[in-house]
Every structure is written in structure tokens, then in C-alpha cells.
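A.B. asks: below are the sequence and a predicted model for it; my questions follow.
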Amino acid sequence: MRVMVTGSSGLIGNALVKTLTSPSKNHNVLRAVRSDSESISGTGDAATAHRDIIRWNPMDLENGLSARDLADVDAVVHLAGANLAGKRWTAAYKDVIRESRVRSTKLISKKLVEAIRASGSAGTRKTLVCASAIGIYGDRGDEILTEESTIGKGFLPEVCVEWEQAAQVAKEAGVRVCHARFGMVIDPNGNEGAMKPMVRVFKLGLGGKLGSGKQWWSWVSLGDAVRALEFLLMNESARGSYNVVSPNPVTNAEFTKALGKSLHRPTVVPAPAFALKLAMGEMAEAAILSSARVKPMRLMDAGFAFEEARIEEAIGQRVTE
């Protein structure tokens, strides 16, 4: 397949490009790189895995991407979007979070449709696998959540709904669209993503539960996240929304215990909820203290097998000292 990947310098994108271009897979990858700040070289092995690169501007709905670039593309994996934890959630940064996801998805959908119409080919020959998030369910306590669950309330659910709806024009043109609703992605080395700041604190012996520790964290290992994306790419019957999380969510207290054990560090310094809210504002309440007990029912029903289904397997002893 010829696959365009956005967000290819990020944690998931970098690992996905490495997998798709490996000798055993040998797919042709076109990396869409932002015209402002995203590095062309990327990171790690994926930087040298393939040199096929295009510039794009995800905020420009008219000229941010050329339909010609998508003419010979079989699929797009769209992973780009502003970091939720990149800054404090001011009104301005919340607009960045929303627009970086919604506008970029609208752009890709629009240009896919234009490419289809220009070539006269059937839309079913194109696939769009677009990132989304389990934030769509909001704060739900102990409720078990599946793809059939209702949408939550608040900023993150609203963003996720708009994010997924932004691909509607592609669906209507016959493009096969999958929404990968990611939970917290665990980098086994603890050097990237949500794990990075936690590992740093735990290594100092300052790790502990966050808030009550009773909130459910739905997570997925980096390896299983990449395998799930590849599964959705290759499975012609896959359509709609899929929870990309382990079938075994854990409470924050359980996660804290597993991470502390893997790093051989104590976990006795809790962070009170009020302190987290004071330090991080709305982001703490929406992303750290909220509870989402999510199950990947549609992935499992489709035959996907998780290789690291338990938190001990995902963290293990591989978090670097």
C-alpha cells in the first residue's frame, strides 16, 4: 500500500512509519510534514525509513494540501494534533487543540474527495484512519464504556465529536473511514508521551497516586496501538469508531503501583486533586482526574489480539533507569 501519515514525528506516528516500512511489511509511506515547525527528519529509525515527504499546512482548508498528493495514495493515517498537555488550557490554547484536529481532518477529507473525483476512481479504494480519543466519553466514574456508549459532556467530548464529524465528507464520498479512539499510550521506554513526565517524577522518588487514585485510566501499549492502526488499515470491513485501549483498564492507584515497581521506586507521595487543579487548571480535571473505564469491544469482536493486555506487561522492566 501507499500510505500517507500525518503526525509522523510523534510517538505513535514514528513507530507506525517504522513498522509500515520494515522489510516484512514494505509499504510505501508518504510523510506529511507541517510547513511551519515539524521536523522533516523526524525521530529515530523512522526518520531514515523512507524519504518520501510532502509539506502541508493543516490549518489552510483551501491550499494546505494538494489533491494531487493524494491521487496515488491508498490510505491516510491522520495522527496530527496539538499536544493536550503542551500548555495550560487557556481559551486561546483550547482553540488550538480543537482547530488543529478539526480543520486538519476537514482538509484531508476534502482533498481525498477531490482526488477521487479528479481520477474518477471509486471512493472505496481510499481509506482514512483518523485519530480520535476516549475523551469523547467524558468523566464517567466506574461505568464500563464501549463504542456504543453515549457521548460525555465538556470540552474534550465536544472536540472529539467535531473531530470525528470532520471526516463526514469523506464518508459520503465512499472513503472507508475508521476513527481510532486512543487511550493513554504507554511508551515502554518512558521517554515520550504521557509516560515521560511521570517517569521523571517517579525516578526522584516522588511518585504517588493522583487525586483519589480511584479514577479509571484506560491505556494501550505503543506496540498494540501501532498494531491496531495497521489492523484497521488492512481490514477492508473495518469502518466507524474503535476504542484503541487495552481490555484491562486500571485505576490510577494500580497504575502508580505498577510504574513504581518497574522503576524500583516508592509510591508514597500522593498529589492532591486541589494541587493538580491549581497547577494545571482545567486540563488536570479533564485528563488526569477524570475516570473512563473503556473497553475495546469492536476491535476484539473484529478479531484483533492484544499482545500487551495487562499493565505489568506494558510497563514491565523495560522502563529505562
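C.D. replies: Structure's in. What do you need? Residues are numbered from 1 along each chain as shown.
A.B. asks: hmm, A82 and V96 touching each other?
C.D. replies: Yes: with contact defined as CB atoms under 8 Å, V96 counts as touching A82 (4.9 Å). Glycine gets a C-beta too; all of them are placed from N, C-alpha and C.
A.B. asks: for my notes, confirm V161 occurs in a helix.
C.D. replies: Yes: under DSSP: H, G, I helix; E, B strand; the rest coil, V161 sits within a helix.
A.B. asks: so who does it touch?
C.D. replies: Contact analysis of V161 by CB atoms under 8 Å, 6 or more residues apart in numbering lists 136, 151.
A.B. asks: can you name the next helix or strand after the helix or strand N243 falls within?
C.D. replies: If you go by DSSP states H and E, N243 is part of strand 240-244. For strand 240-244, the following helix or strand on the C-terminal side (DSSP H and E) is strand 250-251.
A.B. asks: which parts of this protein are strands?
C.D. replies: With DSSP state E, the ranges of strands along the chain come out as 2-6, 28-34, 53-56, 75-78, 127-133, 144-145, 176-182, 184-186, 216-217, 219-221, 240-244, 250-251, 293-294.
A.B. asks: quick check: which of the ones you listed is nearest to F202?
C.D. replies: Of all those, it is strand 184-186 that lies closest to F202, at 13.6 Å by CB to CB.
A.B. asks: how far does the strand holding N243 sit from the chain's center?
C.D. replies: Strand 240-244 sits 11 Å away from the centroid of its parent chain (CA atoms, centre = their mean, to the nearest Å).
A.B. asks: show me which helix runs longest in this protein.
C.D. replies: For the chain, the helix that runs over the most residues, judged by DSSP state H, is helix 91-119.
A.B. asks: tilt between it and strand 176-182?
C.D. replies: Taking axes from the mean of the first three to the mean of the last three CA atoms, to 10 degrees, one finds helix 91-119 and strand 176-182 inclined to each other by 160 degrees.
A.B. asks: same for helix 91-119, what does it pack against?
C.D. replies: Judged by 3 or more CB pairs under 8 Å, 6 or more residues apart in numbering; DSSP states H and E, the packing partners of helix 91-119 are strand 75-78, strand 127-133, helix 155-165, helix 168-172.
A.B. asks: got the angle for the third one vs strand 240-244?
C.D. replies: Pointing back at helix 155-165 there. Using the same axes, to 10 degrees: helix 155-165 against strand 240-244 is 130 degrees.
A.B. asks: how about helix 155-165: buried residues?
C.D. replies: For helix 155-165, the neighbour count (16 or more other CB atoms under 10 Å) marks 155-160, 162-164 as buried.
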